[in-house]
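Engineer: Next come a sequence and a model predicted from it.
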Amino acid sequence: MSAQQHSAAPPNPVLIFNTVQGYQRVYALKAAVDLDLFTAIAKGSHTAAEIATACNAAERGVRILCDALVVMGFLTKAGNRYSLTSDTAFFLDSRAPAYLGLAFKFLMHPTQLAHFEQLGTAVRKGGTPDDQGNLAPDDPIWIEFAKGMAPMMVPAAQAMAAMLGADLGSRPRVKILDIAASHGLFGITVAQKLPQAEIYALDWANVLEVAKENAAKHGLAGRYHLLPGSAFDVDYGRGFDAILITNLLHHFEPAANEKMLKKAHAALNPGGQVVILEFVPNDDRVSPPVPAMFSLTMLGSTPQGDAYTLAEYGTMCRNAGLEEPRLVPLDPMPQSMVVARKPF
């Protein structure tokens, strides 16, 4: 036996079992959110008995769930007392501005789960077994996305607004198109940064009701205009200084994306820019982990979607008449901005 063979770790099935039982971790976290367990701890309940009373649950059930959450890294434990981590305090206390609990309604929607129950079929076919996945017009799942995912997008929206503010802040008038506006957060945040900006929000009509309501809450109703319908079919208009395309291009094949980017090119003023928000893996397509794994999400839920590399976005942008895009990382967030200008 060689030294290398002697020193190699023996085969270990732990990774296999942990992965197969991964659904238990997902539902444990969902149960804690459903019980508002993290908020109860944030308010001062720390023992299993105290948390059980606050959550109207059995003490035994709470103890077992809390211990599991400690193992998973969502809680800490000292003696018989449980406490939040900095992440759970920031994101899972339901009173917090960055609360992500509502996102579970989209991320764990029955439609999403059903797609992955058929992943083997999707692999054989090269895309979701049904014809459209979540891409049917006015699919109500995007209402859940709009209502639940906005807090997760705050850092990206702020970075986008800061970049556009530096570029467009001195202009007396600014016109922004927000494609796949969803909750409206991106356009709203840009409008707050640029008080001279008019925002045109494009999405399905049912989703735009959420964006419209959010814009009104921020006092922006007079500067917030709605363009209901498909991004492939709606007339964008002309004269835009920037076009935002957020969390959308990953749903489609490159040819469809080029079609949309050509429409964006035609709608932009010379020197205007397309700002794309996406999961962008490295050229090896296995790093960083979150963007790399997002391709699997698209395989299971769309006919031809993918997570595209910067080089692939470069090809799409050039074919649409835009300049070579640049990548703007949003660390520690897993998404990045891909920014491409229309030549002067």
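Structural biologist: Looks like it arrived, so ask away. Residues are numbered from 1 along each chain as shown.
Engineer: As a check, name the ranges of all helices in the stretch 51-200 of the chain.
Structural biologist: Secondary structure of the stretch 51-200 of the chain (DSSP state H, counting those that start in this stretch): helices at 59-72, 86-91, 104-107, 110-117, 119-125, 141-148, 150-168, 185-193.
Engineer: okay if I get these as CSV plus distance to Asn282, mean neighbour count and mean pLDDT?
Structural biologist: Where you see a C-beta, it was placed from the backbone N, CA and C, and this is true even at glycine. CSV is the format used below for the helices of the stretch 51-200 of the chain (distance: least, CB to CB, whole Å; neighbours: other CB atoms under 10 Å; pLDDT from 0 to 100):
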stretch, distance to Asn282, mean neighbour count, mean pLDDT
helix 59-72, 28, 17, 98
helix 86-91, 25, 14, 96
helix 104-107, 24, 17, 87
helix 110-117, 24, 14, 87
helix 119-125, 23, 14, 93
helix 141-148, 27, 20, 82
helix 150-168, 19, 19, 94
helix 185-193, 25, 25, 97
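Engineer: The ones you listed: which one's closest to Cys317?
Structural biologist: Closest of the helices of the stretch 51-200 of the chain to Cys317 is helix 150-168, at 17.1 Å (criterion: CB to CB).
Engineer: quick one: contacts of that closest one?
Structural biologist: The contact list for helix 150-168 (CB atoms under 8 Å, 6 or more residues apart in numbering) reads 91, 97-100, 102-103, 174, 176, 182-183, 185-186, 188-190, 192-194, 197, 214, 241-242, 244, 246, 273, 275, 277, 328, 330, 333, 335, 337, 339.
Engineer: now stretch 14-33
Structural biologist: So stretch 14-33 is contacted by Leu37, Phe38, Leu65, Ala68, Leu69, Met72, Phe74, Leu92, Gly101, Phe104, Met108 (CB under 8 Å, 6+ apart).
Engineer: In contact with the first one: list those residues for me.
Structural biologist: The neighbours of Leu37, taking CB under 8 Å, 6+ apart as the test, are Ala31, Ile51, Cys55, Val62, Leu65, Cys66, Leu69.
Engineer: what does the third one give?
Structural biologist: When contacts are counted by CB under 8 Å, 6+ apart, Leu65 touches Ala28, Ala31, Ala32, Leu37.
Engineer: How is the protein divided into domains?
Structural biologist: Using automatic domain parsing, the domain parsing of the chain gives 3-95, 141-341.
Engineer: So which of the ones you listed is the most surrounded?
Structural biologist: domain 141-341 (a mean of 19; mean count of other CB atoms under 10 Å).
Engineer: got the end-to-end distance for that domain?
Structural biologist: 33 Å (CA to CA, to the nearest Å).
Engineer: got it, and stretch 63-79?
Structural biologist: End-to-end distance (CA to CA), stretch 63-79: 12 Å.
Engineer: doesn't Gln24 fall inside a helix?
Structural biologist: Yes. Gln24: assigned to a helix according to DSSP: H, G, I helix; E, B strand; the rest coil.
Engineer: ok so, going back, and the contacts of Leu65 as a markdown table, adding distance to Gly79, secondary structure and pLDDT?
Structural biologist: Formatted as a markdown table, these follow (distance: CB to CB, whole Å; DSSP: H, G, I helix; E, B strand; the rest coil; pLDDT from 0 to 100):
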| residue | distance to Gly79 | secondary structure | pLDDT |
| --- | --- | --- | --- |
| Ala28 | 22 | helix | 97 |
| Ala31 | 24 | helix | 97 |
| Ala32 | 20 | helix | 98 |
| Leu37 | 19 | helix | 98 |
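Engineer: just those now: which is nearest Ala311?
Structural biologist: Ala28 (39.1 Å).
Engineer: Please enumerate the strands of the chain.
Structural biologist: In the chain, the strands defined using DSSP state E lie at 75-78, 81-84, 174-179, 197-203, 224-228, 240-246, 268-278, 326-329, 336-341.
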